[in-house]
Structures are given as C-alpha cells and as structure tokens.
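*Asks:* Show me the folded form of this:
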Amino acid sequence: MSLNRLSRIAAYLSPWIALGLAAALAAVYLNPALLPARPAASVPPPAAESSRSPAAVAPAMLPAPPAAAVRTAGVASYADAVARGAPAVVNVSTRRVVVERQVPEQLAPFFPDLPEFRRRAESSLGSGVILDRQGHIATNFHVVKGMQEIVVQLLDGRSAPAQLVGTDPDTDLAILKIDLPNLPVMPLGRSDQLRIGDVVLAIGNSEGLGQTVTQGIVSATGRSQVGVALLENFIQTDAAINPGNSGGALVTAAGELVGINTAVLSHEQGIEGIGFAIPVNLVKGVAAEIEAKGRVQRGWSGLLVRGLPANATDSHGEHVDGVQIVGFYTGGRGPAAGLAVGDVITTVDAEAVTSVQDFLGRLARKAPGSSARLDVIRPGQGRFRTELPVVARPLER
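*Replies:* Presented below is the predicted three-dimensional model:
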C-alpha cells in the first residue's frame, strides 16, 4: 500500500477516532463507576516481623475508626439526677392573717362608720426538701417566719399540713414535719467535697409555676458577708434561683443534695448568675439539733451594736475597727460586765472585730454559759478589757 493511500485513510479516520475518545471521556466523567476497580496494593511485612501476630501490630498501623463511631466523654443529660432528687423536693405554701389599720388614728373620729381595722390574708410560696422517712423537711426560716398555716405538696400530687418543728434564724433554716406514708427521701451528699466548677442543679417551686430545674456550676464556696443570715457559709452558684426556689434543693450531677437554696442577688441591680445555698453539712447539724431539742441553742451578747465609719480613729489618731454599743437588750449581761452605751468593742477573744455580722457571729458560735473576752475603747477615757457572760439567744419564730 502506497504512502499516499495510508495518509488518505488516516486523514479520513482521525476525526472519528477523536469523536469516539471524546464520547468515552464524557461517559466516564458522568459515571465514574464505569472504570474498573483498582485492587489494593499489597505490601508484604518485613521478613523480621513476618512471625508477629495481628494483635501485635502497632496502633499506628491500624485503620482509623469511622467518624460516626467516635464518642465524646462527659454527661449528656441530667435526667437521671433529676429523677433521683426531684421527688423529694416539695412546694411549701404558707398563709397568715394580718390585722392592719385602714383609717389613720387621728382621722378615726371623723369616720365613725368605717371600721378602724381590717383583716387581710397574706400567702407566699417556697420550697422544701424531705430529709427522712419520718417526714422532716428542711426549708428556709424566711419562708415560714410568722406564718400561721403551712401546707406541703409533693411532686406526686399528695399534700398535707405541716408542723413547724423548730427554726434557726442565724442560719435561715427551719424544719417542718408532715405525716404521709411512703415518702421519697433526698439522697444526701457532702458539701465539703464540692469543687469550684462542679455541675449543680437547682430544684424548686420557681415563680409558683410548679417544680422547675435549672443548671449551673459551683462558683465559690465559703461565701459570707452577704447579709442574708447571721452565720453565713454559702455555696455560690450561677444556677438560676428565682422567687419560690427558697428552701429548694441544690443537687450534684449524681442527684445528691449539697445545699438548700436561699437567696439570689437582686436582679433589679443588673446582677445575674449569683445565687447562694446553705451547705448540706450545716443543714444536717441544724436539723439534728432541732429534731432533738426543738431549737438550736446559740450564744448571745445582749448588745445592740452598729458598725464604725471607715475613717474612725482613737484619741491618738490611729485607725480603729470594731463595733459601737448603742443599746442593751433585756436579758443581756452587758451592764454587769461594765459596758456602757458608746463603748467601742475592737476584739473578741483577742481576734479583731471587722463588722457587726462578724461580732454577732462570734458570740453566736459560743456556748451559752461561757464568756467572751472583749477589748474595749471608751471615748475620752481610754481602753480596758472585760469578760462578757454569754447567754442563750431568745427564741424567734
């Protein structure tokens, strides 16, 4: 075949060959499965390691698990904790009748037909925690203070009138008792083992809506000088504590009680996420003493005191910290100890007094019948030391 004839055949076929290749490329592009599967390359192990079992292969040689099989550590839900603790958190409804003047005394003669006084019912809501099968319930003193009727409602719908067993105003705690069978009991944890950052849940009758659960962390422990109670050792948390939560439970992620919710800093001041709870270790001690004696007996000074201004100084111009006596309560021993109105108490048992709450708390922790050694400044006369007898604090309900 001559060269000219081959050239003419090639020139005739080349467009059809190009068209066929283009069609094949387009088909593979649109459907890659048309390509034959490539067998995986087989890499024989080194001769020195050929006798090793598959279990001995280094982890780096194993294929990575698929992404869907990777699981993250940690708690995904607190439903089990709520199921464990929530049945023992109760709603506390209180009621009292208040008699109040509706016509000012000086105007009463001009309105003889109007009753001078009227009776008005006051009610409030709070929460409580069942501590034992006998029906003892811990709540806040301020929830039940002055109330004439207390009713407790359980999560299962049962309700019963509650008896006020006793109170401890110094810690803002009160113990109630109800008589119902088969009561759920709150598992008790240990507040002394709490760490900052631990997850906690606040359970209570928030805003009267019924039982509500909020979640947060422990922000601090040992908080004092909050101004809620005389003896303060609060757990601070950012779990939302709203009106009605007072007396409710602060529980761990395991559903164990670590505190009784007590207070929250005012939202009106733009403060969020700062709530306080009484540690369960303190609650257990107070509850045991109230159940045994009906009250917690604490020391009392019988002194009415006030704080000093920040720039207070003595006769030598030296700065002074302490409290000043402005009066005496009946039953106290201040005058017998040589104290007088105007005296400034600077130390109790050789420890500096920093505030009114600090002074009263020191005396409250002392046993009735003991005494406290006070260092005192009497304006214009100088310093002296005296022993103040500590008496039992009068009962407050």
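*Asks:* In the stretch 101-250 of the chain, mark out all the strands, start to finish.
*Replies:* Remark: strands assigned in the stretch 101-250 of the chain by DSSP state E, counting those that start in this stretch are 117-130, 136-140, 149-153, 159-161, 163-168, 173-177, 199-205, 211-223, 234-237, 249-252.
*Asks:* among these, which is nearest residue 294?
*Replies:* strand 163-168 (4.6 Å; Cβ to Cβ). For every residue, glycine as well, the C-beta is placed using N, CA and C.
*Asks:* which secondary structure element contains residue 346?
*Replies:* Using DSSP states H and E, the element containing residue 346 is strand 344-348.
*Asks:* Can you list the strands that whichever helix or strand comes after that strand pairs with?
*Replies:* With elements assigned by DSSP H and E, the helix or strand that comes after strand 344-348 is strand 351-352. Strand 351-352 pairs in its sheet with strand 344-348 (antiparallel), by DSSP bridges.
*Asks:* which residues of the stretch 151-300 of the chain score low on pLDDT?
*Replies:* The stretch 151-300 of the chain contains residues with pLDDT under 70 at 265-272.
*Asks:* List the residues that contact residue 212.
*Replies:* 203-206, 242, 245 (Cβ atoms under 8 Å, 6 or more residues apart in numbering).
*Asks:* no, scratch that, I was asking about residue 369
*Replies:* Here residue 369 is in contact with residue 390 (Cβ under 8 Å, 6+ apart).
*Asks:* Does it belong to a helix, a strand or coil?
*Replies:* Of the three states, residue 369 takes coil according to DSSP: H, G, I helix; E, B strand; the rest coil.
*Asks:* if I look at it, how far off is residue 169?
*Replies:* 21 Å (Cβ to Cβ, to the nearest Å).
*Asks:* Kindly report the same for residue 342.
*Replies:* 28 Å.
*Asks:* Which of the two has more residues huddled nearby?
*Replies:* residue 169 (19 against 12; other Cβ atoms under 10 Å).
*Asks:* wait, residue 248 sits on residue 129?
*Replies:* Yes: because the distance of 7.0 Å satisfies Cβ atoms under 8 Å, residue 248 is recorded as touching residue 129.
*Asks:* These two - which one has more neighbours?
*Replies:* Each of residue 248 and residue 129 has its neighbours counted (other Cβ under 10 Å); residue 248 has more, 34 against 28.
*Asks:* residues near the closest residue to that one other than its chain neighbours, how many?
*Replies:* Leaving aside its sequence neighbours, residue 248 sits nearest to residue 204 (Cβ to Cβ, 6 or more residues apart in numbering; 2.5 Å). When neighbours are defined as other Cβ under 10 Å, residue 204 has 31 of them.
*Asks:* likewise residue 274?
*Replies:* Quick note: residue 274 (other Cβ under 10 Å) scores 18 neighbours.
*Asks:* still on that earlier bit, how about the strands of the stretch 101-250 of the chain, which one is nearest residue 84?
*Replies:* strand 249-252 (8.1 Å).
*Asks:* Output that closest one in PDB with nothing but the alpha carbons.
*Replies:* Output of strand 249-252 as PDB, limited to C-alpha atoms (Å, rounded to 0.1, in the frame of the first residue of the first chain):
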ATOM      1  CA  ALA A 249     -32.500  21.700  96.700                       C
ATOM      2  CA  LEU A 250     -29.100  22.200  95.200                       C
ATOM      3  CA  VAL A 251     -28.000  18.800  93.900                       C
ATOM      4  CA  THR A 252     -25.000  17.400  92.200                       C
END
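*Asks:* List the contacts of stretch 371-381.
*Replies:* Contacts of stretch 371-381 (Cβ under 8 Å, 6+ apart): 301, 314-315, 320, 322, 337, 339-340, 342-350, 362-363, 366, 383-390.
*Asks:* Which PyMOL command selects the buried ones in those?
*Replies:* The buried residues among the contacts of stretch 371-381 can be selected in PyMOL (16 or more other Cβ atoms under 10 Å) with this line:
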select buried, resi 301+320+322+337+339+343+344+345+346+347+348+362+363+366+386+388+389+390
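*Asks:* Among the contacts of stretch 371-381, which are located in strands?
*Replies:* 344-348, 383-389 (DSSP state E).
*Asks:* and of those, the nearest to residue 291?
*Replies:* residue 389 (29.0 Å).
*Asks:* Model confidence for that closest one, exactly?
*Replies:* At residue 389, the model reports a pLDDT of 94.
*Asks:* residues in contact with it?
*Replies:* 333, 336-337, 371.
*Asks:* beta partners for it?
*Replies:* Going by DSSP bridges, residue 389 forms beta bridges with residue 371.
*Asks:* hang on, residue 291 is in a helix, isn't it?
*Replies:* Yes: counting by three-state DSSP, residue 291 is part of a helix.
*Asks:* ok, which stretches of the stretch 251-397 of the chain are helices?
*Replies:* Assigned helices in the stretch 251-397 of the chain, in chain order: 280-293, 356-364 (criterion: DSSP state H, counting those that start in this stretch).
*Asks:* for those, which one sits closest to residue 87?
*Replies:* Using Cβ to Cβ, the nearest of the helices of the stretch 251-397 of the chain to residue 87 is helix 280-293, at 17.5 Å.
*Asks:* Can you check what angle separates that closest one from strand 163-168?
*Replies:* 120 degrees (axes from the mean of the first three to the mean of the last three Cα atoms, to 10 degrees).
*Asks:* What helices and strands are in contact with helix 280-293?
*Replies:* For helix 280-293, the elements it packs on are strand 136-140, strand 163-168, strand 173-177, strand 257-264, judged by 3 or more Cβ pairs under 8 Å, 6 or more residues apart in numbering; DSSP states H and E.
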